[in-house]
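Peer 1: got a sequence here, can you model it:
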Amino acid sequence: MSAQPAFAKEIEEDNTLPEETDPVVLNFAPVIRRLRGDDFFNFCQANDCWHLELTKEGNLIIMMPAGLGTAERNARLNQLLANWTDEDGTGKCYDSSAGYILPNGAQLSPDASWIRKERVTALSKKVQEKFAPLCPDFVVELRSRTDRLKPLQAKLEEFIENGAQLGWLIDPYKRKVYVYRPGLPMQKLDEPETISGEPVLPGFVLPVARLWQD
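Peer 2: Presented below is the predicted three-dimensional model:
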C-alpha cells in the first residue's frame, strides 16, 4: 500500500481546528479620496445585507452575517450591558450595528460598545443617526467560529490607540478573555466566570461564563 500523501494528513488535522476564515478585503484606496462626509455611511445603507468596515488604509472589509450561536451570544452580551446601562444612567450602549469614525480615519463597528452620556449628547441628533465621529469609551468583540484571533486583537488595539478606555475580546470557544486598557499590557484571562468593567463601567460585572460555547 502506498504511503498517505502529506497533504491528506494536513486536511485531516485541519478538521480538528476552528473553522477560521478571513473576511473579504477589497482595496478601496483608489476611490477613498472620493468618499466624503456621509458617503461611506450611505454605501453601507445601500448594502445592508453585509457587515462592512473601512480600515485606515482604505481597505473595505466585508463580513458574512453571523450564525445562530454567535448571534445568540451577541444578543445576550448586549442585553446584559443594556441592563446595567439602564441602571447606571451615566452612558449609552450600542450593538454591532453602530459604526464609528475613529480619529485615524478607520470606520469600525464593535460587537458592543458604551459611551459616556455627555459625549453622546454633545453630538447633534442628525449626527447620532449616522456613524459617530468618535471612539467609544468601552468596546467588546465576540469571536465567532470563523474569526481569526490576530485580526480581532489588532482591532481591539486600534480602538485603544484611538481613545477607548477599556476593551474586551471574548473567545467563547477557547473560553478566554483578552482585556485591553491604554498604557497597560494586554491581560489574558483563562475561563473566568465573570469580568469586571471597573473603573470605566463602575459596578458592571459580566457573567461571561454564560457566553461560553457548550
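Peer 1: mind listing what's buried along the top helix by length along the chain?
Peer 2: Criterion DSSP state H: the longest helix present in the chain is helix 68-88. Judged by neighbour count using 16 or more other CB atoms under 10 Å, the buried positions of helix 68-88 are T70, R73, N74, L77, N78, L80, L81, A82, W84, T85, D88. Quick note: C-beta positions are derived from backbone N, CA and C, even for glycine.
Peer 1: quick one: the strands in the protein, in order.
Peer 2: Along the chain, the segments classed as strands by DSSP state E run 24-27, 51-54, 59-63, 91-95, 100-101, 107-108, 112-116, 138-142, 166-171, 176-180, 187-190, 195-196, 205-206.
Peer 1: ok, which of these comes nearest K130?
Peer 2: Of all these, strand 100-101 sits nearest to K130, with 9.1 Å by CB to CB.
Peer 1: kindly provide the whole-number mean pLDDT of the closest one.
Peer 2: Mean pLDDT, strand 100-101: 92.
Peer 1: what of stretch 158-173?
Peer 2: For stretch 158-173, mean pLDDT rounds to 97.
Peer 1: buried residues in it?
Peer 2: Applying 16+ other CB under 10 Å to stretch 158-173 flags 158-160, 162, 164-172 as buried.
Peer 1: which residues of this protein score low on pLDDT?
Peer 2: Along the chain, the model assigns pLDDT under 70 to residues 1-37, 39-51, 53.
Peer 1: swap the cut-off to 50 and go again
Peer 2: 1-18 (pLDDT under 50).
Peer 1: just give the number of residues close to L189.
Peer 2: Using other CB atoms under 10 Å, L189 is surrounded by 16 other residues.
Peer 1: now for the nearest residue to it once chain neighbours are set aside, how many residues are close by?
Peer 2: Distance criterion CB to CB, 6 or more residues apart in numbering; nearest residue to L189, sequence neighbours excluded, is V177 at 4.4 Å. For V177, the count of nearby residues is 22 (other CB under 10 Å).
Peer 1: so V177 sits right up against L169, yeah?
Peer 2: Yes. With contact defined as CB atoms under 8 Å, V177 and L169 form a contacting pair (7.0 Å).
Peer 1: so how far is stretch 97-108 from its chain's centroid?
Peer 2: In terms of CA atoms, centre = their mean, to the nearest Å, the centre of stretch 97-108 is found 11 Å from the chain centre.
Peer 1: mind checking how far Q79 is from T85?
Peer 2: Separation of Q79 from T85 (CB to CB, to the nearest Å): 11 Å.
Peer 1: typo on my end, L189
Peer 2: 23 Å.
Peer 1: ditto for K117
Peer 2: 10 Å.
Peer 1: give me the common contacts of these two.
Peer 2: Listed contacts common to K117 and T85 are G91, K92; contacts here mean CB atoms under 8 Å, 6 or more residues apart in numbering.
Peer 1: could I have stretch 52-63 exported to PDB, CA atoms only?
Peer 2: Extracted C-alpha coordinates of stretch 52-63, given in PDB (Å, rounded to 0.1, in the frame of the first residue of the first chain):
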ATOM      1  CA  LEU A  52     -18.900  46.500   6.300                       C
ATOM      2  CA  GLU A  53     -15.900  48.300   7.800                       C
ATOM      3  CA  LEU A  54     -13.300  50.600   6.400                       C
ATOM      4  CA  THR A  55      -9.600  50.400   7.500                       C
ATOM      5  CA  LYS A  56      -7.500  53.500   8.000                       C
ATOM      6  CA  GLU A  57      -5.600  52.400   4.800                       C
ATOM      7  CA  GLY A  58      -8.800  52.500   2.800                       C
ATOM      8  CA  ASN A  59      -9.400  48.700   2.600                       C
ATOM      9  CA  LEU A  60     -13.100  47.700   2.600                       C
ATOM     10  CA  ILE A  61     -13.800  44.700   4.900                       C
ATOM     11  CA  ILE A  62     -16.800  42.600   4.100                       C
ATOM     12  CA  MET A  63     -18.000  40.100   6.700                       C
END
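Peer 1: before I go, just wanted to say thanks for your time.
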